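> need a 3D model of the sequence below.
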Amino acid sequence: MGCGGSNQAKCEMGSTEKSIKAALLIQRWYRRYQARLEARRRCTWNIFQSLEYAGEQDQLKLYNFFNDMMSVINDDSKNAYIVNGTDEEGTPSKDGTVIKNPATDFSDIEVEADYKGAHLTFPLTIKMVQELIESFKNGRILHTKYVLQVLSEARKILKEKPNINQATTAIAKQITVCGDLHGKLDDLLVIFYKNGLPSPENPYVFNGDFVDRGPFSVETAILLFCCFLLYPNEVYLNRGNHEDHVMNLRYGFIKEVQSKYKGKQHASRIIKTFQDVFAWLPLATVINGKVLVAHGGISDKTDLTFLNSIDRYRYKSVLKPPLKEGAEPITGDDDDLARKVDFVEWRQVLDVLWSDPKLHDGCSPNSFRGGGSYFGPDVTRKILAKHNLDLLIRSHECKPEGYEFIHDGLVLTVFSASNYYEIGSNRGAYVKLGMDLKPQLVQYMVSKSHQKLTTKQRVSRVESSAMRDLKEIITANKSKLKEAYLKFDPQNTGFITVNEWAHAMNETLDIAIQWRTLKERLVRCNDEGLVEYESCLELEVLYSVADGDGPSITEALYRNKSSLETIFRTMDKDQSGTITMDEFEDACELLSSHIGTTLSKESIRDMARCIDINKDGIIDFNEFLEAFRLVDPHGNQFAGEGEHSQSNSVADLKAVTDELQKSTANGNGANML
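Residues are numbered from 1 along each chain as shown. Model prediction:
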């Protein structure tokens, strides 16, 4: 019996040992699986961020180009607002009365009887704001007259605000700080749902970048301005780098206004008034004298006392600083810029809106974005100590978790637009500060579908979107890449090493990406490990009308379509979304001079004629952009995938708000997101 008992014990011990080993194997496999997913996620994040910053850098590179273009536009005094902004409400006449500016006046606009959106009277009430929210949830557009009234009333109050707001928690005992929203109305509504609407007991700081990129920039900005009108001493609105007319030309806000307010030059009035109001937004907020809230950050030259003393309204666009009195137009070189612009003052504004923190000590130009500064932990300590501050809260950078501490906890980045790059790409967050000013972060992710997806599915979805964007960039530069590959393959074998391929990609596209890690997704390799570089160039840009000179002009226009769109919208004098054929040809010629590539007049003229389908001499630029299609050899379409129409965006917003209402009814709203 003893032996039998001993054998049984050995069997039991063997079974237990196997179970432990199995558990360890599963755990090890799972950790490796999670590590691979995290590596894919980080690689995808790097692609999105690199492409985003490359676009902003390109926009800043357009600065000198814009000066030449703006000088041409300024020849037409009627369109000087593009450069100089509006004349606010109007100009005083000799008898002291104010002559209203027809570009922004709304007294002649009537609200139609069949208008079904929200109705506003001034002063606003909380009930009106709640009705406005419900109207926006149902996809209704606010009437032009009310938009202009809201902006006009907000401007009156903003003009009385200092450059740096002074906020306090003495009354409410707390305050909430929100980061970038970028036209994501659903994120703003979730913040209000979870944290409550602004009130004297619930103050807010909104840290810039209300508009651009997202589909509801108009609604987001108007709702924030309405909250500001209700509680001008409890709602603090900071300017971001996207509260800038030149940025709006490129990143979607102008296009959104044009699509929502067509006819009767309403879009033109709204755009001009928004531009003017943006210039009046304060540049920063200080909470209890201890916490600085600024959109971008600081530099080693930041001086809050000096920043608070400048005339911020002169900076209608931070990308085009005002000239010194009596200065001639800028020619473009750095020495000329330094002579004709108050560079010290300009840098104060540019740094606070455009800068980013870095891990290492020092302060250097922000070459990644193309504007502002990189500031290290030593700069943070110096500036905070100089002004007796304890914390810098900034936004300006999308973070996977919606927030990030850096510089030993002295800098907090808060980003409030969830799903910024793609559904599931990132959380949004806001920060609450109590009397002790210790940050309490609240995270969320707004989506009607993200909870139904596994981590792998979310990563795969975001990864596919990133690769699509990257392939568009590659395809738009096929000719340049082919030239770079051939330098390593003079015998034209069709193969180069992985290092040579990665070097060619990096040098040609100038995008900071680990190309070697993307090899399997972008190219084919032979048995010897050499890259078949033609496999990287298999996608093609097709244009739905005749191409004139063929692939050369199509590729050039596709590669620079964002810059061309910026030029177009600047030349679109009445903000109608259309220009004449002559203006289109002028825009292409301006683009040609900017990119250093010759586009023949005949080629441009032929394409213009093809675009003008109904032969009325007018070109709809939205149709021109949408006519580009990126396809693979098998006919699969890439361009436009993942883009939502306005109707789809409204449907998505309705789905999110319906979920919020269901969650409230079930009593579990706090845990939904």
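
> residues contacting E219?
With contact set as Cβ atoms under 8 Å, 6 or more residues apart in numbering, E219 has these partners: 136, 142, 185. Bear in mind the C-beta positions are built from the backbone N, C-alpha and C, glycine included.

> Q514: what's it in contact with?
43, 46 are the contacts of Q514 under Cβ under 8 Å, 6+ apart.

> give me phi/psi at it?
phi -80, psi 90 (degrees, to the nearest 10).

> what does L530 give?
phi -80, psi 150.

> i'd like the first residue to be 12 from this point on
With the count now opening at 12, the last piece we talked about shows up as L541.

> wait, it touches N510, no?
No. L541 is not in contact with N510 according to Cβ atoms under 8 Å; the separation is 10.8 Å.

> who's more crowded, these two?
L541 (18 against 12; other Cβ atoms under 10 Å).

> quick one: that one from K530, how far?
As judged by Cβ to Cβ, to the nearest Å, L541 and K530 stand 11 Å apart.

> now do the shared contacts for the two.
Between them, L541 and K530 share the contacting residues V509, judged by Cβ under 8 Å, 6+ apart.

> just the helices in the stretch 312-461 of the chain please.
315-318, 345-351, 354-365, 388-397 (DSSP state H, counting those that start in this stretch).

> could you tell me the least trusted of these?
Here the lowest mean pLDDT among the helices of the stretch 312-461 of the chain goes to helix 345-351, at a mean of 68.

> show me what contacts the residue nearest the centre of the chain?
Nearest residue to the geometric centre of the chain (Cα atoms, centre = their mean): R224, 5.0 Å. Residues near R224 by Cβ under 8 Å, 6+ apart: 193-194, 262-263, 431.

> so which of those are in helices?
In helices, defined here by DSSP state H, the members of the contacts of R224 are Y262.

> list only buried entries from the contacts of R224.
Among the contacts of R224, those classed as buried by 16 or more other Cβ atoms under 10 Å are 193-194, 262-263, 431.

> any idea which of those is closest to K301?
Nearest to K301 out of the buried ones among the contacts of R224 is H193 (Cβ to Cβ; 28.4 Å).

> distance of that closest one relative to A349?
Distance from H193 to A349, by Cβ to Cβ: 33 Å.

> helices of the stretch 162-311 of the chain, start to end?
Under DSSP H, counting those that start in this stretch, the stretch 162-311 of the chain gives helices at 196-206, 228-241, 256-262, 264-271, 277-291.

> of the ones you listed, which shows the lowest average pLDDT?
helix 256-262 (a mean of 86).

> may I see the buried residues of stretch 394-407?
Buried, per 16+ other Cβ under 10 Å, within stretch 394-407: 394-395, 398, 400-407.

> which residue in those residues has the weakest pLDDT?
H407 (94).

> show me where pLDDT drops low in the stretch 112-261 of the chain?
Within the stretch 112-261 of the chain, the segments meeting pLDDT under 70 span 112-115.

> mind redoing it with 80?
The stretch 112-261 of the chain contains residues with pLDDT under 80 at 112-117.
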